[in-house]
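**Q** the following block contains a protein sequence and its predicted model.
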Amino acid sequence: MSTEDVSASLASASSSAARDAAQTAIRGNRKKTPWVGIWSTVGIGFIVIYCLAPFYWMGVSSPRPDDEIFENTWWPRHPTFDNYGAVFSSGNHFGRGLINSLIVSVVVTVVALVVATFASYALARLDFRGKSALLLVVLATSMFPLVAIIVPLLKNFSDWGWTNTYQAMIIPDLSFSLPLAVWNLTSFFRQMPQELEQSAMVDGCTPGQAFRKIILPIAAPGIFTTAIIIFIGAWNEFLVAVTMIINSNMQPATVMLSKFTGDSQFNTPFGSQMAAGVIMTLPLVIMVLLFQRRIVAGLAAGGIKQ
């Protein structure tokens, strides 16, 4: 047998062994795949149950009468909507609190998005000295604990006459929402190729028109996702509002919820509190569903292959 025949035989044997090993690995992966799918399903189900269980229990407890509020049944035996009526009674002013929360949340979201969009685009596209340090400063400002700065804020706002005003809630919320929005949108704009603006300007667009007509529609998924995060944070804010706002007509819903009282100091209206919690959570759920459609549409229409 010649050297060429030996080499050919060895090559054929090695290729057959490699093919057999690959087929064995594929069969092994096929055997493992069902278990991977099962464990993934179990993990996702556990996360969903863990996240939704408190909201389910709050929703189930809200229609319970006071004498059944501590029962552990999966559904109330005698459901009633008296707790929801008590939430909007004249003594609670909860409707006014919802309006105040909506005003603060919308203003914080709009202002933070407008400022963060332009700032993030500049940070992502412009090269200047100290840009990395500036980004670190922006991120560091959101790391200060609110409890540590609430007293200086109260002192300054009292001197300026800002207590019991909307700006006393909006400005502190902006100071924590803006760094997060700038950081998220900067990372999003960096992923967009600069050829988009260059191609638009070749076709006759000004830099402003390229940003408005090309970049903003493509950046819609990141902008709407950031808007959801900012709105939820402003809607759920409690510490600043309970510290700065004393007038009941200016208090948001989170503060009013904490001040629900029963017939006496020993009677806590758990049913009314659960009903108010459901009412406060529903706008967030609706907001997420509405923006989710926009996010999916933006991802489908503005997908970029870099």
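**A** Looks like it arrived, so ask away. Numbers count the residues shown, from 1 in each chain.
**Q** residues near residue 44, how many?
**A** 10 (other Cβ atoms under 10 Å). All C-beta spots, glycine's among them, are computed from the backbone N, C-alpha and C.
**Q** oh, that last question was meant for residue 150, not what I typed.
**A** The burial count for residue 150: 16, using other Cβ under 10 Å.
**Q** and what of residue 203?
**A** Residues lying near residue 203 (other Cβ under 10 Å) number 10.
**Q** could you do residue 40 as well?
**A** Neighbour number of residue 40 under other Cβ under 10 Å is 10.
**Q** per-residue pLDDT, it?
**A** What the model reports as pLDDT for residue 40 is 80.
**Q** quick check: next helix or strand after the strand or helix carrying it?
**A** Using DSSP states H and E, the element containing residue 40 is helix 3-61. Following helix 3-61 in sequence order, the next helix or strand is helix 82-87 (DSSP H and E).
**Q** mind giving me the packing neighbours of that next one?
**A** On a contact count with 3 or more Cβ pairs under 8 Å, 6 or more residues apart in numbering; DSSP states H and E, helix 82-87 meets helix 270-301.
**Q** and the helix it packs on, what's buried?
**A** Buried residues in helix 270-301, counted by 16 or more other Cβ atoms under 10 Å: 270-281, 283, 287, 291, 295, 298.
**Q** what is the rounded mean pLDDT of that helix?
**A** When pLDDT is averaged over helix 270-301, the result is 73.
**Q** same check on stretch 227-238?
**A** 89.
**Q** need the residues that contact that stretch.
**A** 101, 104-106, 108-109, 112-113, 169, 173, 176-177, 180-181, 184, 252, 254-255, 258, 280, 283-284, 287-288, 291 (Cβ atoms under 8 Å, 6 or more residues apart in numbering).
**Q** out of those residues, which are buried?
**A** Buried residues within the contacts of stretch 227-238, counting neighbours by 16+ other Cβ under 10 Å: 101, 104-105, 108-109, 112-113, 169, 173, 176-177, 180-181, 184, 252, 254-255, 280, 283, 287, 291.
**Q** among the residues you listed, name the ones in helices.
**A** If you go by DSSP state H, these have 101, 104-105, 108-109, 112-113, 169, 173, 176-177, 180-181, 184, 254-255, 280, 283, 287, 291 in helices.
**Q** hey, where'd the helices end up in the stretch 101-250 of the chain?
**A** In the stretch 101-250 of the chain, the helices defined using DSSP state H, counting those that start in this stretch lie at 131-141, 146-160, 167-190, 195-202, 207-210, 216-218, 220-235, 239-244.
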